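Novice: need a structure here:
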Amino acid sequence: MDFDVPPETVEFAAEVDEVLRAPRTARLLRDVLERQDGMDGDVRELYRHLGGAGILAPSWPVEYGGRAADFTATVALLEKLVAYGIPQNLYCISVQNVGSLILAAGSERQRRTLLPAMAATDVTACILFTEPEHGSDLAGITTTAVRDGAGWVINGRKTYNLKSAYADLALCAVRTDPQGSRYEGISLFLVPLDAPGVVIRPLPSLADEQFHDIWFTDVHVDEDALFGRVGAGWSLITQMFAAERTGLDYYARGRHWLDIAAERLTRDGPPSGLVGADLARHRTRIAASRLLSCQVMQNLQEGNADIAESSFAKWHCSETAQRIAWWASDTLGLELLEPGPGVGDRVLEAAFREAPGMTISGGASEVMLDIASSAHVFDNGRTGD
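Specialist: Now for the predicted structure:
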């Protein structure tokens, strides 16, 4: 592993700082935090501002809206977004997850049409895999797509999906062959969420950001909505998991929460005893999270994606961030509710509420460990017999 930060990434991080410090960024962020939409705050105008500055897809090729930068630029971007209090979930889902899959496996038409628009946030995307009875067991999905002339008709329900109310497109997993095996009968579609027959309802959540329940009733899509080949959905889902489970967003949040807790705990000097030992332990774990995330990101950039390696990184980073949030609550007590400098900014209190879902969403910890252990990922990050 070689995680030296090139000079270009240092320059990019300084540019991101300048954009995020700008008065317009602060104003747009205040609008999000005030949640005038009655949900979790519509971040798209803020993202369009950041996308207009050309900072949201630094590692993508230039022709697709990126900068052809090293993967460390994406790491720096996530760290900065979190540090400035910019909500990241829509960005991670749309650009880092769906966008990365389109970049890796989409048609040239899809790449040239969608990626520049996603990098600019003119188009946003969400992921619709989970169903009421099928979360970790995605091979059991029952939402269907049936051929109808030159297109398809989709029926079914997806639930517990983030950011669907703010997305233009959904990467949707459906069953196209009910007679095939659980894995061979799945296909992926890019479904416009403004299509007739799509109903999106918010679901209450303990965390700041809401989940959504999505119903498809006789939703017609064109043939070009198909992503990849018919029946190739499972291999594409597996490919996307390698990019989704870098652990980078969990690491960045966990690091930010630890920095805030440490600042409060060290106001009167270095903490001693168990608090000091716990702080050192969490700092070590968060440093390990960064290394694991960078290893996955580097391998993705080099075309060596490994689902087991990604699963282990996701497990470690989400578990670490969760532990930091709960440790901060136990250690700081009511001080956890102390507001920060921004509007409605109670970062650690929000972290406490977000923490329970971190080891479930994106892959439950138990599933991540099962994938990692079955591939012997613990052997220096390499699989073996």
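Novice: CA atoms for contacts and neighbours, from now on please.
Specialist: OK.
Novice: the closest residue to Leu348 other than its chain neighbours: what secondary structure?
Specialist: The spatially closest residue to Leu348, leaving aside those adjacent along the chain, is Leu336, at 5.9 Å (CA to CA, 6 or more residues apart in numbering). When classified by DSSP: H, G, I helix; E, B strand; the rest coil, Leu336 comes out as helix.
Novice: which residues touch Leu336?
Specialist: Leu336 makes contact with Ala328, Ser329, Arg346, Leu348, Glu349, according to CA atoms under 8 Å, 6 or more residues apart in numbering.
Novice: quick one, strands of the protein?
Specialist: When assigned using DSSP state E, the strands of the chain occupy the ranges 125-128, 144-148, 151-162, 169-175, 186-192, 198-203, 211-222, 226-227.
Novice: just checking, what packs against the second one?
Specialist: Taking 3 or more CA pairs under 8 Å, 6 or more residues apart in numbering; DSSP states H and E as contact, the helices and strands that strand 144-148 lies on are strand 151-162, strand 169-175.
Novice: for it, buried residues please.
Specialist: Using 16 or more other CA atoms under 10 Å as the test for burial, strand 144-148 gives Thr144, Ala145, Val146.
Novice: which among the helices and strands packed on strand 144-148 is found nearest to Ser365?
Specialist: strand 151-162 (17.3 Å; CA to CA).
Novice: that older thread, got a markdown table for the helices and strands packed on strand 144-148, with mean pLDDT, distance to Tyr91 and mean neighbour count too?
Specialist: Converted to a markdown table, the helices and strands packed on strand 144-148 look like this (pLDDT from 0 to 100; distance: least, CA to CA, whole Å; neighbours: other CA atoms under 10 Å):
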| stretch | mean pLDDT | distance to Tyr91 | mean neighbour count |
| --- | --- | --- | --- |
| strand 151-162 | 94 | 11 | 21 |
| strand 169-175 | 96 | 14 | 24 |
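Novice: distance to Ser107 added to those, as TSV?
Specialist: Shown next, in TSV, are the helices and strands packed on strand 144-148 (distance: least, CA to CA, whole Å):
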stretch	distance to Ser107
strand 151-162	18
strand 169-175	15
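Novice: looking at those, which is nearest to Arg267?
Specialist: Closest to Arg267 of those is strand 151-162 (CA to CA; 36.9 Å).
Novice: parallel or antiparallel, list what pairs with the closest one.
Specialist: Looking at strand 151-162 with DSSP bridges, its partner strands are strand 144-148 (antiparallel), strand 211-222 (antiparallel).
Novice: and Glu263, how far from Ser311?
Specialist: Glu263 sits 31 Å away from Ser311 when distances are taken as CA to CA, to the nearest Å.
Novice: repeat that for Val16.
Specialist: According to CA to CA, Val16 and Ser311 sit 29 Å apart.
Novice: next: Val95.
Specialist: 20 Å.
Novice: how near is the nearest residue to Ser289 once chain neighbours are set aside to Leu226?
Specialist: Spatial nearest neighbour of Ser289, excluding adjacent residues (CA to CA, 6+ apart): Cys317 at 5.2 Å. As judged by CA to CA, Cys317 and Leu226 stand 33 Å apart.
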